[in-house]
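> Okay, predicted coordinates and the sequence, questions at the end:
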Amino acid sequence: MAQVVVMPQLGNTVESCLVTAWLVKVGDVVDASTLLCEIETDKSSMEVPSGVAGTVLALLAAEGDDVPVKEPLVIVGEPGEDIAGLVGGGAAPATLPDEPEGVEPASGTVPEEPARNEPASRRAAVTDTPAEGISPRARALAASQGIAADLLAGTGPHGRVIERDVQEAIAAGPGLTAGARAEASGFVPGAAGTGIGGRVTRADLAATTTVAEEPARNEPASRSPQGSEFPGAYTDTPLKGIRKVIAERMMNSLATSAQLTYTATAPAAGLLALRKRLKGASDPELAAVTIGDMVGYAAVRTLLRHPVVNAHLSGGVLREFASVHLGMAVDTPRGLLVPTLQFADTLTLRDFSVRCKALANAAIGGSISPDLLGGASFTVSNLGAFGIEWFTPLLNVPQVAILGVDAIFPRAVINADGSVGAEQRIGFSLTADHQVIDGADAARFLKDLCAAVADIDLTVLG
């Protein structure tokens, strides 16, 4: 009997996962341990095992599809088994509607249904003689908008143009007037039109056609000294997966908060001296404590005295946390991730360092639980190792503050006897939401943090 493999839930807060790559195709024989596909959320990635044995009868999503958790993903059963009752609409998912019955499609995926709100005559025109490499749903949407789908770059399996590609093309262009849409047969959005709001009119379409039909003038093309025509080689990479989510969250952060960044520096001699002593410790875990660990630990101790900075703002409600759940910005091969060190205020410096490294390694390796990639009450982002003297970190909303850790640099200082000398100092960049954190609040936090860093020996003992 055929069985349905569903999209697993990678964490309590995960609602959907992106199918990044299929590892099997229709007709493959699998057992319970066979890996079916690779999936990812905005926070982590994993491979999905079959869990059942049999033959792959249908793949119910294409690469790049965002599938809700617990939704059908693959059907496994016996060859030739009727699976019409297991998929919506009773259609056999292993056969695309534009291919002869019994011929397996190249991607082995479920065909996209034509848009249901289109007239029957248009649906027939779309699905009876579709162009090769374009899904029926993408062709229907393209036809309704007057877009030449066969000229778009496909992101589906094997370069197939799918509905998402058409939607992105529509979003990229200014749109067409109703009259232009009726006449457009090969329009690809891109250039702005002369209509209201930059919309493309009939006249714009006619002008485009006229220009395209004119013979090329013998004007010299702009060339580089090496002979390449302008603009030379380039690569277009659509944002997807974690990169797309990061982009959306950064824009949302700026759009929903009143961000202001404050900077300060603290003497770094104490940090450097303690780091040197710990490096020579016989305990390898103490020897591995870094300056970043010490600064993070000092930030945690300081946050306990400034609850308004250790807080969330959501729906007009400020939630101040009694404990510090520290988010740590981590650079991973898949993009920026922020694992959370829960109850960081209960840890010793040694345990703090060990836990930080374990979380960072799990995030970099892609094995971290999604439940540990959210819920932070405050975040630290350390760019000091790259030599950055100061920067403007963006809030990880709904958090109301984030600390940027800058590099240690020698700064001019006037000694007690009036002579000029140099002092190693570390910089801090605190971005705070001015909706709830006034400038004086931010300044007090930075002042206390600088004091905690300057006297790091006492901070660690306390």
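Yep, that arrived. As the structure is a computational prediction, the values presented were derived from the model and not from experiment. Numbering: from 1, shown residues only.
> What are the boundaries of the helices in the protein?
All helices of the chain, identified by DSSP state H, fall at 120-128, 136-145, 163-172, 178-183, 202-213, 241-256, 269-279, 284-287, 291-303, 349-365, 439-454, 456-461.
> ranking the ones you listed by mean pLDDT, which is last?
For the helices of the chain, mean pLDDT drops lowest on helix 120-128, to a mean of 34.
> Met1 is in contact with Gly77, isn't it?
Yes: taking contacts as C-beta atoms under 8 Å, Met1 lies within contact range of Gly77: 6.6 Å. Every residue, glycine included, has its C-beta placed from N, CA and C.
> Between the two, which is the more surrounded one?
Ranked by neighbour count (other C-beta atoms under 10 Å), Met1 and Gly77 place Gly77 first, with 19 against 6.
> Skipping adjacent residues, who's closest to the more buried one in space?
Counting by C-beta to C-beta, 6 or more residues apart in numbering, Gly77 lies nearest to Ala2, which is 3.0 Å off, once chain neighbours are set aside.
> Contacts only, for Ile388.
Asp406, Ala407 (C-beta atoms under 8 Å, 6 or more residues apart in numbering).
> how near is it to Ala363?
In this view, Ile388 and Ala363 are 21 Å apart by C-beta to C-beta, to the nearest Å.
> so what pLDDT did the residue nearest to Gly77 get?
Listed pLDDT for Ala2 reads 85.
> and what of Pro114?
40.
> cool, and the one 5 residues further on?
The predicted local distance difference test score for Pro119 is 37.
> what do you get for Asn12?
We have a pLDDT of 65 for Asn12.
> now do the one 10 residues further on
With respect to pLDDT, Trp22 has a value of 91.
> Please name the residues that touch the residue nearest to Met250 when sequence neighbours are not counted.
Once flanking residues are discounted, Met250 sits nearest to Leu394: 5.7 Å by C-beta to C-beta, 6+ apart. Residues near Leu394 by C-beta under 8 Å, 6+ apart: Met250, Ser253, Leu254, Gln259, Ile402, Thr431.
> Top of the residues you listed by number of neighbours, please.
Most neighbours among the contacts of Leu394, by other C-beta under 10 Å: Ile402, with 28 neighbours.
> Now for Phe391, how many residues are close by?
Look at Phe391: counted by other C-beta under 10 Å, it has 17 neighbours.
> Now do the strands in the stretch 301-450 of the chain.
Taking DSSP state E, counting those that start in this stretch as the test, the strands found in the stretch 301-450 of the chain are 311-314, 317-320, 326-328, 330-332, 335-337, 340-341, 378-382, 401-414, 420-433.
> Give the buried residues for the third one.
Residues of strand 326-328 classed as buried by neighbour count (16 or more other C-beta atoms under 10 Å): Leu326, Gly327, Met328.
> Kindly report the same for the fourth one.
Within strand 330-332, the residues scored as buried using 16+ other C-beta under 10 Å are Val330, Thr332.
> Could you list the paired strands of it along with their orientation?
Strand pairing for strand 330-332, determined by DSSP bridges: strand 335-337 (antiparallel).
> excluding its backbone neighbours, what's nearest Gly296?
Val380 (5.3 Å).
> contacting residues for the one you found?
Val380 makes contacts with Val295, Gly296, Ala299, Leu326, Gly327, Met328, Ala329, Ile402, Leu403, Val405, as judged by C-beta under 8 Å, 6+ apart.
> how about those in TSV, adding distance to Gly270?
Listed next are the contacts of Val380 as TSV, based on distance: C-beta to C-beta, whole Å:
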residue	distance to Gly270
Val295	11
Gly296	15
Ala299	15
Leu326	21
Gly327	25
Met328	22
Ala329	24
Ile402	24
Leu403	18
Val405	15
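> What is the nearest of the residues you listed to Ile368?
Met328 (11.4 Å; C-beta to C-beta).
> Is the closest one bridged to anything, and to what?
Listed beta-bridge partners, Met328: Val380 (assigned using DSSP bridges).
> Quick check: it vs Tyr234, distance?
When distance is defined by C-beta to C-beta, Met328 is 35 Å away from Tyr234.
> Low-confidence regions, the stretch 51-200 of the chain specifically.
Scanning the stretch 51-200 of the chain for pLDDT under 70 picks out the ranges 87-133, 136-137, 144-146, 151, 156-158, 172-200.
> one more time with 80
Where the stretch 51-200 of the chain drops to pLDDT under 80, the residues are 64, 66, 84-163, 165-166, 169-200.
> tell me the contacts of Val300?
Val324, Leu326, Ala344, Asp345, Phe352.
> Please report which of those residues has the highest neighbour count.
For those, neighbours were counted by other C-beta under 10 Å; the highest total belongs to Leu326, with 30 neighbours.
> Enumerate every residue touching it.
Counting by C-beta under 8 Å, 6+ apart, Leu326 touches Gly296, Ala299, Val300, Thr340, Leu341, Ala344, Ala376, Ser377, Phe378, Thr379, Val380.
> Could you rerun that using 10 Å?
With contacts defined as C-beta atoms under 10 Å, 6 or more residues apart in numbering, Leu326 is in contact with 296-297, 299-300, 303, 310, 338-345, 347, 352, 355-356, 359, 376-380, 403.
> Would you list the buried entries among these?
By neighbour count, with 16+ other C-beta under 10 Å, the contacts of Leu326 hold 296-297, 299-300, 303, 310, 338-342, 344-345, 347, 352, 355-356, 359, 376-380, 403 as buried.
> returning to what we had before: report the set of residues contacting both of Met1 and Gly77.
Between them, Met1 and Gly77 share the contacting residues Gly54, judged by C-beta under 10 Å, 6+ apart.
> Let me know how buried Glu81 is, in neighbour terms.
When counting by other C-beta under 10 Å, one arrives at 14 neighbours for Glu81.
> Please read the previous query as pertaining to Ser257.
Applying other C-beta under 10 Å, we find 21 residues neighbouring Ser257.
> likewise Ala268?
Neighbours of Ala268 using other C-beta under 10 Å come to 24.
> for stretch 29-48, how far is the first residue from the last?
Start-to-end span of stretch 29-48 (C-alpha to C-alpha, to the nearest Å) is 16 Å.
> Outline the domain layout of the protein.
3-159, 173-210, 257-461 (automatic domain parsing).
> In CSV: those domains, plus distance to Leu239.
Output for those, formatted as CSV (distance: least, C-beta to C-beta, whole Å):
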stretch, distance to Leu239
domain 3-159, 11
domain 173-210, 17
domain 257-461, 10
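> closest to Lys244 out of those domains?
domain 3-159 (8.4 Å).
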